[in-house]
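A.B. asks: I would like to see how this sequence folds:
(4 chains)
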2 protein chains.
Amino acid sequence: MKEETRLREARAIVNELLVDIFNRILAIEGENLKQKGIKLSMSEIHVLEAVTKVLEPTMTNIAKKLGITVGSLTVSVNTLYQKGYLSRERDQDDRRKVVIGLLPKAEEILEVHNDFHNDMVNSIFKDLGIDEDEVLISSLQKLSSYFKE
Amino acid sequence: MKEETRLREARAIVNELLVDIFNRILAIEGENLKQKGIKLSMSEIHVLEAVTKVLEPTMTNIAKKLGITVGSLTVSVNTLYQKGYLSRERDQDDRRKVVIGLLPKAEEILEVHNDFHNDMVNSIFKDLGIDEDEVLISSLQKLSSYFKE
DNA sequence: AAACTATATTTGAAGTTCAAAGTATTTTAA
DNA sequence: TTAAAATACTTTGAACTTCAAATATAGTTT
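C.D. replies: The predicted structure follows:
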C-alpha cells in the first residue's frame, strides 16, 4: 500500500474512534444498567463516578471534572440526594463549600459500572491480543494526556 | 516496571480514552461552532453527518446509524428541514420510505465540521509523532472494527 | 377486501443543560 | 473595621434531546 494512502487511512480510523465508538459504548452500558434493573441514567452514573475521582468533592470541583456548569450539577445532585445515593454537607472550614459523599447505595451501583468497564476492556485486550504492544500503550498514553492538557 | 503493573495501567488508559476524551472533544467542537456563528447543536451536526454516511438515507437507516429512535430523528429532521438544511421526499419505489438529502447549506456546515476533525487529527499525529507506527495503526483498526461488529 | 407488516409522524413526559438572578460566606482593601 | 469584591452554591426558566405510545400512511399477504 502507498505510504500516503496508509496515512490517510490511519487518520480516518483515529477520527472514527474519537467520534463513533464512544456513543456505542454509552448505549451498550445504558442497556446493561437497564437489564440489571438499575434506574439511573448514564449521566447520573457519571456524577457518582466523578465524586470518587475528584480529590476534594465539592460542587465546583465535580462540575469541572464533568465539564458541566455548577447549576446543572446542582439539579442532578438534588435528585441523587433525594434518592439516597449521595450525602451533602457544608465544609467545616469554608462554609461556602458543599462536600458531596457517596452513600452505600451508590457504591453498589459503581461496582456494577466498574465491572462493566473492566469486562469490556479485558475482552478488548483479549480479543485483539494487544497486551504485549509497548508502542501502542505508550501512544495511547500520549493521546490521553494530549486531551487532558 | 512490573509486567502486571504495566498491563493494569494500559487497561486504565484505554478505559479512560473510551470514557473521558470523547466528551472533551464534543465540548471543544461545540465551542468551535459557536465561535464561527453556526447555530446548530452537535446532535444536529451528527444528523447531517449520518445522512452522508448512510448508504440509503431513509429515516430508519439514519436512526439506526445514530443509535436513536425514528421518533427522535423525526423531531430533529423537522427542524433541520424547516431551517433549510435537509430535503425530504418519499421514495419512488417504496413509498413508505422517506429519503433525506443534504441541501447546499448543510454541505457548507459539514465542511467546517470536517475541517475541524482533520485539523484535530492532524495535530494529534504531528504532536505525538505517531505517523510511522504501523502497530498502533493496525491496533486502532482492530479496535474500531471491534465496536462496529 | 381484510388483516397484517413496515415506515414515518405526532404528542406528551422526563431528563439534561445552560444562563441569569439570587443567597450565603469568605477575602481583600481602603 | 467594615464596605466591596470574590467565591461557592442554588433556584428558576428556557431550549433541546430523547423515548414511548398513539396515530397515520403505504405496501404485502391471504
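
A.B. asks: so who does the residue nearest the centre of chain A touch?
C.D. replies: Note on chain A: the residue nearest the mean C-alpha position is residue A:46, at 5.6 Å, using Cα atoms, centre = their mean. In this structure, residue A:46 makes contact with residue A:66, judged by Cβ atoms under 8 Å, 6 or more residues apart in numbering or on different chains. In short, each C-beta sits where N, CA and C put it, glycine included.

A.B. asks: how about residue A:14?
C.D. replies: Taking Cβ under 8 Å, 6+ apart as the contact definition, residue A:14 lies against B:121, B:124, B:125, B:140.

A.B. asks: which of these come close to chain A?
C.D. replies: The subset of the contacts of residue A:14 within reach of chain A, by Cβ under 8 Å from any Cβ of the partner chain, is B:121, B:124, B:125, B:140.

A.B. asks: can you list those in a markdown table and add secondary structure, pLDDT and neighbour count?
C.D. replies: Output for those, formatted as a markdown table (DSSP: H, G, I helix; E, B strand; the rest coil; pLDDT from 0 to 100; neighbours: other Cβ atoms under 10 Å in any protein chain shown):
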| residue | secondary structure | pLDDT | neighbour count |
| --- | --- | --- | --- |
| B:121 | helix | 82 | 19 |
| B:124 | helix | 76 | 18 |
| B:125 | helix | 76 | 17 |
| B:140 | helix | 70 | 22 |
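
A.B. asks: the residue nearest to the centre of chain A belongs to a helix, doesn't it?
C.D. replies: Yes: according to DSSP: H, G, I helix; E, B strand; the rest coil, the state of residue A:46 is that of a helix.

A.B. asks: in chain A, which spans are strands?
C.D. replies: Ranges of strands within chain A are A:86-90, A:98-102, based on DSSP state E.

A.B. asks: tell me the most buried of those strands?
C.D. replies: For these, the largest average neighbour count (mean count of other Cβ atoms under 10 Å in any protein chain shown) is found in strand A:98-102, namely a mean of 17.

A.B. asks: need the pLDDT of the closest residue to chain B within chain A.
C.D. replies: Each residue of chain A has a distance to chain B, by Cβ to the nearest Cβ, and the smallest belongs to residue A:22, at 3.5 Å. With respect to pLDDT, residue A:22 scores 74.

A.B. asks: tell me the contacts of residue A:113?
C.D. replies: Remark: with contacts taken as Cβ under 8 Å, 6+ apart, residue A:113 is in contact with A:29, A:45, A:48, A:49.

A.B. asks: what residues are up against residue A:36?
C.D. replies: Here residue A:36 is in contact with residue A:112 (Cβ under 8 Å, 6+ apart).

A.B. asks: where does it fall, phi/psi-wise?
C.D. replies: Geometry field for residue A:36 lists phi and psi as phi -80, psi 10, criterion degrees, to the nearest 10.

A.B. asks: just residue A:91 next, same as before
C.D. replies: Given degrees, to the nearest 10, the pair of backbone angles that residue A:91 has is phi -70, psi 140.

A.B. asks: is it true that it touches residue A:100?
C.D. replies: No: the pair formed by residue A:91 and residue A:100 falls short of the contact definition of Cβ atoms under 8 Å, at 10.7 Å.

A.B. asks: name the residues contacting each of these two.
C.D. replies: Counting by Cβ under 8 Å, 6+ apart, the shared contacts of residue A:91 and residue A:100 are residue A:58.

A.B. asks: and chain A, what are its domains?
C.D. replies: A:1-37, A:38-148 (automatic domain parsing).

A.B. asks: lowest average pLDDT across those domains?
C.D. replies: Averaged per stretch, pLDDT over those is lowest on domain A:1-37, reaching a mean of 75.

A.B. asks: and the contacts of residue A:14 as TSV, adding distance to DNA strand C?
C.D. replies: Rendered in TSV, the data for the contacts of residue A:14 read as follows (distance: Cβ to the nearest atom of the strand, whole Å):
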residue	distance to DNA strand C
B:121	24
B:124	24
B:125	29
B:140	27
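
A.B. asks: around DNA strand C, pick out the residues from chain A.
C.D. replies: Residues of chain A lying close to DNA strand C by Cβ under 7 Å from any atom of the strand are A:41-44, A:67-69, A:71-72, A:75-76, A:79, A:93-96.

A.B. asks: since that was my last question, I'll sign off now.
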